[in-house]
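A.B. asks: need coordinates for the below:
(one chain, ligands or ions: 1)
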Amino acid sequence: MSCKTGAEHIKSLQDGRTVYLDGKLTGDVTVHPAFRNAVKSAAMLYDFQAQPENIELMTFKPNGGNRRINRAWQMPRNYAEMVQRRKAMQAWARLSCGFLGRSPDHLASSVIGQVMGIEVFEKHGPARAKALRDYYEEASRNDYFLTYVIINPQAERAKDWGEQAEDLVARIVDEDAGGITIRGAKMLGTSSIMANEVFVANLQPLKPGEEALAFSCAVPMNARGLRVLSRKSYEAAAVSVFDNPISSRFDENDALIYFDDVKVPWERVFVHRDTDMCRAQFHDTPGHAYQNYQAQIRLSVKIKFLCGLAHRITEAIGTTNLPPVREQLGFLAAQVSMVNAMMAGMEAEGTMRGEWYVPNRHYMYSAQVLTQDLYPKVINTLRDLSGGALIMLPSSIHDFADPQLAKIINATQRAAKMSPEEKVKFLKAAWDAIGSEFGSRHTQYEMFYAGARFVTTGHSYRTFDWAEATGMVDQLMDSYQLADELGRAN
Ligand SMILES: Cc1cc2nc3c(=O)[nH]c(=O)nc-3n(C[C@H](O)[C@H](O)[C@H](O)COP(=O)(O)OP(=O)(O)OC[C@H]3O[C@@H](n4cnc5c(N)ncnc54)[C@H](O)[C@@H]3O)c2cc1C
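C.D. replies: The predicted model follows:
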């Protein structure tokens, strides 16, 4: 039985979507020099799942379906199924060393989590619940690559969302028997250039009176009026794969999404003019927990890759066996294992919600808080281990083509365990990962994708078992009294 392939995905992106870069419309993203390699990387994910040796690991057959689909769409009923699903997501993450932050399994995780809490939508209205259920069926059966925009452009942070200028935050400007019309912006549609559809919602708190902003829906990327304003493309700026092995292939892109009077039919509207439902959609269902559990799975792969880079950096400059360097590597390894251990904890201490098994929410939020802090520290450790090695590199592959320069490169890029070519190749990859503009964007990503620190610590505060913690303190306090002590002393 077959499943979605890379070629199918590429074809599905040739849909006339409106993407702007450097002041121009890009046309077909699958061939544009700013996006084509990222698109190929997305296609690679589907080709990987379609290989006969991977099909069982990566896909499952949905009830009544005639095609296998990615396991990210599978709703685990127990711990074993959760681990099986995670292994598929880890295998995908390994293909990009964790640098594709918004691979298709991220949104699939969010959608299945929301569907697990379908009763929350039923309370909001049977038509909206039906819309979500049907959308889950459509998106999963077609193995859609979805992205989402659930955050509003910053503009004036000191003002409430409803007080921002009229055309800023995406809002409902009209509705009729056919559906709603939305106008305004959302950020930051990571992977939107290579996704099939965008899931639109509002994760930030809204208050009564801001109902026009309180909606959630799904929109095909080629919807009329949907404009994608891409940030600078690191792929376009990459000199060659040898010079920029990661940014040339895994620049998933981020973009402001502007809805220029986009019409969305009712059957794709999941939340309608309900400010509290915008919160409940993610937090009263396992949606938020599932999407961020996927993010931690991906990070566990990326951070292990960075640990590998660190070790190789020390090999490239011959410091591996120096005691202080070993200490740094040992500390790094402990931090990497902590990320893995937290992931294992989320799974082992998961709970049943009806018939579905969901990861431990507090452990997930703890991991989120700690890893957004950890990532820049890990990057700093790699920089610290490197010294000038990441900078003392030939400007590009073209230096190797000049025999005179090649001779100097061969004489100066020596290493105990690597040839000069291997050393340059490796150090360029290391710089691409941690120091380039692309690498820097990744630090920003890991620090912010799940919300600023005040947001993630808020989730941690909200989900911690304070009753048990303070209960132990109370137990201790109850075990002695001043009057008794005074009685004993006299
Ligand atoms: C690379 C990248 C990719 C992204 N991809 C996506 C995506 O695909 N989809 C999507 O929906 N979103 C995406 N985002 C957006 C991301 O979710 C937000 O950046 C994140 O939620 C933080 O919100 P913000 O950017 O508005 O920052 P803010 O919340 O404005 O925070 C910025 C700073 O201001 C401070 N601050 C602001 N308000 C307060 C306050 N009330 N109290 C205390 N401190 C405050 C914060 O502490 C922080 O230091 C992406 C972001 C990045 C960087």
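
A.B. asks: buried residues in stretch 80-90?
C.D. replies: For stretch 80-90, the neighbour count (16 or more other Cβ atoms under 10 Å) marks Glu81, Met82, Gln84, Arg85, Arg86, Ala88, Met89, Gln90 as buried. The C-beta positions use only the backbone N, C-alpha and C, and glycine is treated the same way.

A.B. asks: does the third one touch Asn78 like I think?
C.D. replies: No. Gln84 lies out of contact with Asn78 (Cβ atoms under 8 Å); the separation is 9.8 Å.

A.B. asks: just the buried residues of stretch 80-90 now: which is nearest the ligand?
C.D. replies: Met89 (17.2 Å; Cβ to the nearest ligand atom).

A.B. asks: the closest one: which element?
C.D. replies: Assigned by DSSP states H and E, Met89 belongs to helix 79-95.

A.B. asks: right, and the helix or strand after that helix?
C.D. replies: From helix 79-95, the next helix or strand downstream (DSSP H and E) is helix 104-116.

A.B. asks: report the angle between that next one and helix 79-95.
C.D. replies: Calculated by axes from the mean of the first three to the mean of the last three Cα atoms, to 10 degrees, helix 104-116 forms an angle of 150 degrees with helix 79-95.

A.B. asks: report all helices and strands that helix 104-116 contacts.
C.D. replies: strand 69-70, helix 79-95, helix 126-141, strand 146-149, strand 197-200, helix 275-283, helix 287-317, strand 356-358 (3 or more Cβ pairs under 8 Å, 6 or more residues apart in numbering; DSSP states H and E).

A.B. asks: can you tell me the SS state at the residue in the stretch 101-250 of the chain that the ligand sits nearest to?
C.D. replies: Nearest residue of the stretch 101-250 of the chain to the ligand, counting by Cβ to the nearest ligand atom: Thr190, 3.3 Å away. Following DSSP: H, G, I helix; E, B strand; the rest coil, the label given to Thr190 is coil.

A.B. asks: surely it touches Thr147?
C.D. replies: Yes. Using Cβ under 8 Å, Thr190 makes contact with Thr147 at a distance of 6.2 Å.

A.B. asks: mutual contacts of these two, please.
C.D. replies: Overlap of the contact sets of Thr190 and Thr147 (by Cβ atoms under 8 Å, 6 or more residues apart in numbering) consists of Arg102.

A.B. asks: ok, the nearest residue to Met221 once chain neighbours are set aside - how many residues close by?
C.D. replies: Among residues not flanking Met221 along the chain, Arg17 sits closest, at 4.6 Å (Cβ to Cβ, 6 or more residues apart in numbering). For Arg17, the count of nearby residues is 22 (other Cβ atoms under 10 Å).

A.B. asks: ok now do Arg17, which residues does it touch?
C.D. replies: Residues in contact with Arg17, defined by Cβ under 8 Å, 6+ apart, are Val29, Ile193, Met221, Asn222, Leu226, Val228.
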